[in-house]
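# The following block contains a protein sequence and its predicted model.
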Amino acid sequence: MKFKSVFDIIGPAMIGPSSSHTAGAARIGRMARALFGRQPARAEFVLYGSFATTYKGHGTDVALAGGILLFDTSDPRIKDALTIAKDVGMDIVIHTEDDPEQHPNTVLVKLHDEQGRLDVKGISIGGGKIEIIEIDNFEVQMHGDAPTLLVFHEDHYGMIASVAQLLADQCINIGSMHMSRQGKGQSALLIIETDQEMDPSILAHIEQFEHVTSARITPPL
Amino acid sequence: MRFKTIQQLVELALQEELPISEIMIQEEMSVSDCTREAVMVRMEEHLNTMEQAVERGLHEDIQSRSGLTGGQGKRLHGYMQRGNTISGTAMLEAVSRAIATNEVNAAMGTIVATPTAGACGVIPGCLFGLAPSLGATREQMVRFLFTSGAIGFVIANQSFISGAAGGCQAEVGSASAMAAAAIVEMAGGTPEQSSHAAAIALKNTLGLVCDPVAGLVEVPCVMRNAMGTANAYVAADLALAGVVTVIPADEVVSAMYRVGQAMPSTLKETALGGLADTPTGRQIKERLFGINSPSPRAVGSEREEDSTA
């Protein structure tokens, strides 16, 4: 069940004109920004399918940029997001690509600055609902329904136990957990959805664990 | 949620002797772990946002950046008030409000996706058009949105609600079915009658393509919402009169899914087929986004500020 709440159907309140191409795009942008953890110097958007052919009419580019600026779907500043991005010194680049294998509303978001880079692929499945399907080379499934913890690390025993223990110490319940890795002992990504909000201070703890590269929290959309 | 299909939803309502709206409210409280008050307040905020969009569309001079749409909701409302209409005041009270909402959406105003922005006129059009004549309370109006949401919840999970995935049948068709079911409840019909109304409305829009001119949510989207509103009204009246759908609602939903799957991508919100690919449609696209002309946003940002100031 991809749609979990009545408010996925009646809602979101949003700036028009399209829930999938405008509101959904803004949400993918916001999610990518949360995953990156800071405002990027440059955001590149590769659009596929219906996103590619109709982005100008729907304001998909504007909405994606608005999402990177952390604007909500109903934030009137979305309309001026490209100008605002320029004002804050963020480069926005739009490409379109033809790939019938992709979901019709797919965008690959490439964020970077001098400290690093991140690729996030998202799809907009209707009514403003989105899915993040790829983070760097990891296949994932994130809907933004719950607070989510992401731990990028080198595959090693005890990682899940250490992170789970830390959450347990703070009385945080795990709703779902997904682990993927490039191969045995190689880079890996642990994604945990929680029932309670997490205090951002746990990130510093987790990043001190051996074998952890970085950690992020994304708030629910 | 304790229901995945419309049949399960109707059975729950009958077993517990509750309206569909109440089943949806209780399920939402359970899924989101929120109090009744929190859930009701959140929906009432959406109701308020919809009402503001309707009012703007009926009384302000709304114009989209492309210039393709705006002002027709207001025009229809004036025409209706002068009397002598073909489809009658009751119908046009709803249709004018549906158009008004979509025009606000096309002008990048604030609306509520129901279930999508492209189809955002049908539900508020029906709701605000009908509520005064039925003497509906604010709570009944909020309940209308929960009933609509319950039907939309099934359609979204069993089929689709985006034009890119399933064509306009998934957007205006779904909105019509959702509204029809909610009208029936508000008018005092049974949960079964709501299900018949949803099925009838969705059957009537099967195969409807998504072919937005220049990729804008304007032509034909705004007028399709007018049609979707009329369709919801007729479907609701049929069900209230006792007409029963031959094909059950859930089978109509799965037929809609298969029709959408079979639809070529040119007719699924790519602006490559249908009305978008007519001589006039292509001309409009060329005028707005031609290779050498800047996009409407680039040239329209100042105009937009003027019109919303």
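Received, thanks.
# So the spatially most central residue of chain A, which state does it fall into?
Nearest to the mean C-alpha position of chain A, counting by CA atoms, centre = their mean, stands residue A:31 at 2.8 Å. Assigned state for residue A:31: helix (three-state reduction, DSSP: H, G, I helix; E, B strand; the rest coil).
# residues contacting residue 218?
Using chain A here. A:31, A:34-35, A:142, A:144, A:147-148, A:150 (CB atoms under 8 Å, 6 or more residues apart in numbering or on different chains). In short, each C-beta sits where N, CA and C put it, glycine included.
# should've been chain B
A:17, B:64, B:66, B:68-69, B:106, B:212.
# Point out the least confident member of those, please.
Lowest pLDDT of the contacts of residue B:218: residue B:66, 91.
# In chain A, where's the longest strand?
The longest strand of chain A (DSSP state E) is strand A:116-126.
# And the contacts of the helix or strand where residue A:65 lies?
For residue A:65, the host element (DSSP states H and E) is helix A:60-68. Here helix A:60-68 makes contact (CB under 8 Å, 6+ apart) with A:18, A:21-23, A:25-33, A:39-40, A:43, A:45, A:47, A:51, A:54-55, A:75, A:77-79, A:81-82, A:84-85, A:90, A:92, A:94, A:107, A:109, A:111, B:297.
# Tell me how chain A divides into domains.
A:6-142, A:148-218 (automatic domain parsing).
# The lowest-mean-pLDDT helix or strand in chain A near chain B anywhere?
Within chain A, no helix or strand scores below helix A:49-58, which has a mean of 92 by mean pLDDT, DSSP states H and E. Yes - Helix A:49-58 is in contact with chain B by CB under 8 Å from any CB of the partner chain, via A:49-50, A:53-58.
# and the angle for that helix with strand A:116-126?
Relative orientation of helix A:49-58 and strand A:116-126, computed by axes from the mean of the first three to the mean of the last three CA atoms, to 10 degrees: 90 degrees.
# For helix A:49-58, buried residues please.
A:49-58 (16 or more other CB atoms under 10 Å in any protein chain shown).
# Same list, these, but as TSV with distance to residue B:100 please.
Listed next are the buried residues of helix A:49-58 as TSV, based on distance: CB to CB, whole Å:
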residue	distance to residue B:100
A:49	31
A:50	27
A:51	28
A:52	31
A:53	29
A:54	24
A:55	26
A:56	25
A:57	21
A:58	21
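# quick one on the thing from earlier: farthest pair in the contacts of residue B:218?
B:64 and B:212 (12.2 Å; CB to CB).
# show me where chain B has strands.
B:110-112.
# Give me the residue ranges of it where confidence is low.
Within chain B, the stretches with pLDDT under 70 are B:291-309.
# what about 50?
For chain B, applying pLDDT under 50 flags the ranges B:292-309.
# List the buried residues in the helix ranked longest in chain B.
For chain B, the helix with the greatest residue count under DSSP state H is helix B:36-59. Buried residues in helix B:36-59, counted by 16+ other CB under 10 Å: B:39-40, B:42-43, B:46-47, B:49-51, B:53-54, B:56-58.
# list the contacts for residue B:252?
Here residue B:252 is in contact with B:199, B:202-203, B:206, B:245 (criterion: CB under 8 Å, 6+ apart).
# before we move on, back to that, next one: the longest helix of chain B, is it in contact with chain A?
Yes - for helix B:36-59 and chain A, the contact criterion (CB under 8 Å from any CB) is met by B:42-43, B:45-46, B:49.
# Mind putting the contacts of residue B:252 into JSON lines with neighbour count and distance to chain A?
As requested, the contacts of residue B:252 are arranged in JSON lines below (neighbours: other CB atoms under 10 Å in any protein chain shown; distance: CB to the nearest CB, whole Å):
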{"residue": "B:199", "neighbour count": "27", "distance to chain A": "18"}
{"residue": "B:202", "neighbour count": "29", "distance to chain A": "15"}
{"residue": "B:203", "neighbour count": "20", "distance to chain A": "20"}
{"residue": "B:206", "neighbour count": "15", "distance to chain A": "18"}
{"residue": "B:245", "neighbour count": "20", "distance to chain A": "22"}
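# of those residues, closest to residue A:157?
Nearest member of the contacts of residue B:252 to residue A:157, counting by CB to CB, is residue B:202, at 52.7 Å.
# is it true that the closest one touches residue B:177?
Yes - with contact defined as CB atoms under 8 Å, residue B:202 reaches residue B:177; the gap is 4.1 Å.
# Overlap in contacts, these two.
Joint contacts of residue B:202 and residue B:177 (CB under 8 Å, 6+ apart) are B:155, B:249.
# Quick one: the helices in the stretch 51-200 of chain B, in order.
In the stretch 51-200 of chain B, the helices defined using DSSP state H, counting those that start in this stretch lie at B:72-81, B:89-106, B:122-134, B:138-158, B:163-166, B:168, B:174-186, B:191-203.
# chain center to the first one: distance?
This means helix B:72-81. Distance of helix B:72-81 from the chain centroid (CA atoms, centre = their mean, to the nearest Å) equals 19 Å.
# And the shortest one, by the same measure?
In terms of CA atoms, centre = their mean, the gap separating the centre of helix B:168 from the centre of its chain is 11 Å.
# same deal with stretch A:146-161?
17 Å.
# CA atoms of that stretch as PDB?
Output of stretch A:146-161 as PDB, limited to C-alpha atoms (Å, rounded to 0.1, in the frame of the first residue of the first chain):
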ATOM      1  CA  ALA A 146       8.200   8.700   9.000                       C
ATOM      2  CA  PRO A 147      11.400  10.100  10.500                       C
ATOM      3  CA  THR A 148      14.200   8.200   8.800                       C
ATOM      4  CA  LEU A 149      17.800   7.500   9.800                       C
ATOM      5  CA  LEU A 150      20.400   6.700   7.200                       C
ATOM      6  CA  VAL A 151      23.800   5.300   8.100                       C
ATOM      7  CA  PHE A 152      26.400   5.100   5.300                       C
ATOM      8  CA  HIS A 153      29.100   2.700   6.400                       C
ATOM      9  CA  GLU A 154      31.600   0.000   5.500                       C
ATOM     10  CA  ASP A 155      29.900  -3.400   5.800                       C
ATOM     11  CA  HIS A 156      30.900  -4.900   9.200                       C
ATOM     12  CA  TYR A 157      29.300  -7.100  11.800                       C
ATOM     13  CA  GLY A 158      27.600  -5.300  14.700                       C
ATOM     14  CA  MET A 159      26.600  -2.200  12.800                       C
ATOM     15  CA  ILE A 160      22.800  -2.800  13.100                       C
ATOM     16  CA  ALA A 161      23.200  -3.800  16.800                       C
END
